[in-house]
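Engineer: heads up, no residue letters with this:
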DNA sequence: GTCTATAGGGGGATAGAC
DNA sequence: GTCTATCCCCCTATAGAC
């Protein structure tokens, strides 16, 4: 792995573990074993680094969506949930939630990139739910975009809240959503 | 209002606006019009200040619960939602969400206090849902504590996510939850 | 690409005068 | 209770050698 990618992945980890304002070039430097000045060669500013982190998420998200394109809606939704399951396993929160709470402290370029990522997530979950509803697999009474927001907010916040109420609450939420979607009311 | 309370309320505002690691004694100093050294007279350390902020939330939450004790479950739930509606109005996020994302960067005493607040919130919403279900006003198929977690996570995260997807999404979520709870499936 | 050295600012906290 | 003065540390970022 290139040094650039090592920095990128570690920054990604740190933002989801500690938040934007708590992670420093020294954190990266110490762990990777290069000096902070060297990091600036790969990413001129902290803003540039965070933008690259978000873009990596956008790319990986698109790749996940693509890899599941011909699967059934349940498999797609499980694929979406696996992102958060991995976060929970590492006791991290999601990038969108982490940066959204810090939104008023970051560069406008970061805010713009984050809106792109959030829009992409919302669009994909909306598509999955739409497809499942049309196939008679998912059942819900509210507009599909609204249902997508409800599910995304459940995921976003349970990785945060379960840090306080108990780690098992993540699986509880995940399974409940999957069950509830497939139940005929 | 005492200087102590002024500091407390401003710190509360800043944590929900910018996050724990982004707000400084200088922010407080500049706005209030006293020097940073004077703030340490009222709160020896930043940790002490944040703990006082959380305790104020615990007290106000208990007061809200008490003031609605003899009301119907729908009124109680609307009262709970009004906390987040006020946050959304000011484009802030909730204290629990803000500090949960920064959890690994704060003192253990803060973590403990925050767990108390989260537990209190979960208990109250669980009680409200239980009462509504027993009265035949609310309808849901999952365990009552689970349903409480789903609703709380919707609220926690929609104040974050709607910073990115659009402020109107808050009301959408609020009304959808209230409608869905009262719908017979 | 990575280093040393350093600039320039901001952070929380304390001592002691008033 | 609030002030001035100060300490010491951490932060992002840059210049220039290697």
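Structural biologist: Now that the structure is in, tell me what you want to look at. In this text the structure is predicted, and so the values were computed from the model without any measurement.
Engineer: Nearest the geometric middle of chain A, what residue?
Structural biologist: residue A:94 (4.4 Å; C-alpha atoms, centre = their mean).
Engineer: Quick check: that residue touching residue A:86?
Structural biologist: No. Between residue A:94 and residue A:86 there is no contact under C-beta atoms under 8 Å: 10.2 Å. Heads up, the C-betas are built off the backbone N, CA and C, glycines and all.
Engineer: for chain A, which spans come out with low pLDDT?
Structural biologist: Of all residues in chain A, none has pLDDT under 70.
Engineer: Get me the contact residues on it for DNA strand D.
Structural biologist: Counting by C-beta under 7 Å from any atom of the strand, the residues of chain A close to DNA strand D are A:23-27, A:36-37, A:40, A:44-47.
Engineer: okay, those residues in TSV with neighbour count next?
Structural biologist: Shown next, in TSV, are those (neighbours: other C-beta atoms under 10 Å in any protein chain shown):
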residue	neighbour count
A:23	22
A:24	13
A:25	18
A:26	11
A:27	17
A:36	13
A:37	9
A:40	14
A:44	10
A:45	10
A:46	18
A:47	15
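Engineer: Relative to DNA strand C, which of these is nearest.
Structural biologist: Among the residues of chain A next to DNA strand D, residue A:37 lies closest to DNA strand C (C-beta to the nearest atom of the strand), at 3.1 Å.
Engineer: phi, psi of the closest one?
Structural biologist: phi -60, psi -30 (degrees, to the nearest 10).
Engineer: Next up, the contacts around residue A:118.
Structural biologist: Residue A:118 makes contact with A:96, A:100, B:161, B:164-165 under the criterion C-beta atoms under 8 Å, 6 or more residues apart in numbering or on different chains.
Engineer: same thing but at 6 Å, please
Structural biologist: Counting by C-beta atoms under 6 Å, 6 or more residues apart in numbering or on different chains, residue A:118 makes contact with A:96, B:164-165.
Engineer: Residue A:27 too?
Structural biologist: So residue A:27 contacts residue A:14 (C-beta under 6 Å, 6+ apart).
Engineer: do you know how far it is from residue B:170?
Structural biologist: The gap separating residue A:27 from residue B:170 is 34 Å, by C-beta to C-beta, to the nearest Å.
Engineer: do residue A:30 as well
Structural biologist: Taking C-beta to C-beta as the measure, residue A:30 falls 40 Å from residue B:170.
Engineer: Now the longest helix along chain A: buried residues?
Structural biologist: For chain A, the longest helix by residue count, based on DSSP state H, is helix A:108-134. Judged by neighbour count using 16 or more other C-beta atoms under 10 Å in any protein chain shown, the buried positions of helix A:108-134 are A:110, A:113-115, A:117-118, A:121-122, A:124-126, A:128-133.
Engineer: I'd like to know which elements the next helix or strand after it is packed against.
Structural biologist: Later in the chain than helix A:108-134, the nearest helix or strand by DSSP states H and E is helix A:144-165. Packing partners of helix A:144-165 (3 or more C-beta pairs under 6 Å, 6 or more residues apart in numbering or on different chains; DSSP states H and E): helix A:73-89, helix A:108-134, helix A:169-182, helix B:95-101, helix B:108-134, helix B:144-165.
Engineer: So for residue A:14, which of the ones you listed sits nearest?
Structural biologist: helix B:95-101 (12.4 Å; C-beta to C-beta).
Engineer: Residue A:169: neighbouring residues, count only.
Structural biologist: 21 (other C-beta atoms under 10 Å in any protein chain shown).
Engineer: tell me the contacts of it?
Structural biologist: Counting by C-beta under 6 Å, 6+ apart, residue A:169 makes contact with A:162, B:149.
Engineer: Same question for residue A:61.
Structural biologist: Shown in contact with residue A:61 (C-beta under 6 Å, 6+ apart): residue A:120.
Engineer: same deal with residue A:54?
Structural biologist: Contacts of residue A:54 by C-beta under 6 Å, 6+ apart are A:113-114, A:117.
Engineer: ok, 10 Å please
Structural biologist: Contact analysis of residue A:54 by C-beta atoms under 10 Å, 6 or more residues apart in numbering or on different chains lists A:12, A:15, A:95-96, A:99, A:109-110, A:112-117.
Engineer: Looking at those, which is nearest DNA strand C?
Structural biologist: Using C-beta to the nearest atom of the strand, residue A:12 comes nearest to DNA strand C of those, at 17.8 Å.
Engineer: Which helix or which strand is home to that closest one?
Structural biologist: Using DSSP H and E, residue A:12 sits within helix A:3-18.
Engineer: measure residue A:127 to DNA strand D for me?
Structural biologist: 37 Å (C-beta to the nearest atom of the strand, to the nearest Å).
Engineer: what separates that residue from residue A:79, distance-wise?
Structural biologist: From residue A:127 over to residue A:79 the distance is 13 Å, taken as C-beta to C-beta.
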